[in-house]
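K.L.:
Fold the following, please.
(chains A and B)
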Amino acid sequence: MIVNYGYTDGSGDYYIVIDTDKCDGCGKCVDACPQNVLELAEDDYGDIVVRVRDEVKSKVGYVCLGFNPGCSKNEVNCRSVCEHDVISHTW
Amino acid sequence: MIVAGIDVGSLSTKVVLLEDDRILAANILTTGEEGVVMARKATDEALRKANISFDQLEYIVTTGYGRKSISFAKESKSEMMCHAKGAYWLFPSARTVIDIGAESSKIIRLNKNGVVEDFVGNDKCAAGTGIFLDTMAKALEVSIEEVGELSLKHKEKAMISSMCAVFAESEVVSHVHRGTPRNDILAGIHDSIAERIFGMSNRVGIMDDVVMTGGVAKNIGMIKALEEKLGTILHVPEHPRVVGALGAALVARDSK
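P.N.:
The predicted model follows:
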């Protein structure tokens, strides 16, 4: 399942897109995120997968630095530690 | 086996009682009190309608915004799964579910077995939700039940360009001052919501058949505006507001 966490507002699309079918629940991305955006949780089908924390969902654009403008410059980020390309960002 | 599904929404609490493949009763209460009190009240009313007692309920599943606060339920499931299940049960041909509730809107894409494939939601912004329509109806002094019908009687659609509910309201007020006919403004408002949903739909892709659920599905003007924007026909269940609760009841039935 592909889950889009986030929203569109006047300034653009702010979604963290997670492909839960690819996720093996290793949790490396959770540790890699400097803003503590992600967490591991059981989904509706009983698999442990990564998701965006509830408190962050409605302010992703402010909390997450965004991949291109922010974390792509860090050596370690949620995308670089993931072996299965689970996470992507729309901004 | 008798089970219950409870959908604790931001504006109302919905309950569906299910016995195997038969809906025994459904009930809707406006959420005001503490979630759990309200949910119990709504459940009790539904039980009374069906003439059964609380002890006969074998399993209770909750969903919706306030789902985690319901202590007497056995389990809670996400809205996307429950809406998908409910819509798929009503329309087995459903591949896309558009749910527009009071304070959130979501689009769910299903595969042919009813399993969620793709999901996009919006619970940050009021534009594109029921509360937006409600605010605009108040600004125009028409009741929310009438706005859909009236919007269909427009001559030309007024332009509402703001993405934000607060700014859109002031746009509506300036239309009123300019003397734009009320029905034209209403058509513009419905169009702006449809535009918003269309933007979201581009993230997941719309596949036929499309089912629309949630309170806003009772608004014929919204259905028409969305059909025009998405270029497809929307299937609307008889009671669109309880689809989430129905889905929760189906989860309860299947988990035993």
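K.L.:
Is it correct that B:D20 is in contact with B:R253?
P.N.:
Yes. The criterion here is Cβ atoms under 8 Å, and B:D20 meets it with B:R253 at 7.1 Å. Every residue, glycine included, has its C-beta placed from N, CA and C.
K.L.:
And these two? Which one has more around it.
P.N.:
Using other Cβ atoms under 10 Å in any protein chain shown, the more surrounded residue of B:D20 and B:R253 is B:R253, with 21 against 8.
K.L.:
what are the phi and psi values for the more buried one?
P.N.:
Main-chain torsions, B:R253, degrees, to the nearest 10: phi -60, psi -40.
K.L.:
quick one: contacts for the closest residue to it other than its chain neighbours?
P.N.:
Using Cβ to Cβ, 6 or more residues apart in numbering or on different chains and skipping the chain neighbours, the partner closest in space to B:R253 is B:V3 (5.0 Å). Applying Cβ atoms under 8 Å, 6 or more residues apart in numbering or on different chains, one finds that B:V3 lies in contact with B:L17, B:L18, B:E19, B:L57, B:E58, B:Y59, B:I60, B:V61, B:A249, B:A252, B:R253, B:K256.
K.L.:
ditto for A:G10
P.N.:
For A:G10, the contact set (Cβ under 8 Å, 6+ apart) comprises B:M163, B:C164.
K.L.:
Over to A:K59?
P.N.:
By Cβ under 8 Å, 6+ apart, the contact list for A:K59 reads B:K124.
K.L.:
quick one: it and B:A127, what's the gap?
P.N.:
According to Cβ to Cβ, to the nearest Å, A:K59 and B:A127 sit 17 Å apart.
K.L.:
cool, B:V61 as well?
P.N.:
In terms of Cβ to Cβ, B:V61 sits 31 Å off from B:A127.
K.L.:
Settle it for me: which of these two has more neighbours?
P.N.:
Neighbours were counted for B:V61 and for B:A127 using other Cβ under 10 Å; B:V61 has more, 27 against 24.
K.L.:
for B:T62, phi and psi?
P.N.:
B:T62 has phi and psi values of phi -110, psi 160 when expressed as degrees, to the nearest 10.
K.L.:
burial count for it?
P.N.:
If you count neighbours by other Cβ under 10 Å, B:T62 ends up with 31.
K.L.:
again with A:I48
P.N.:
Neighbourhood size, A:I48 [other Cβ under 10 Å]: 13.
K.L.:
Right, I'll leave it there.
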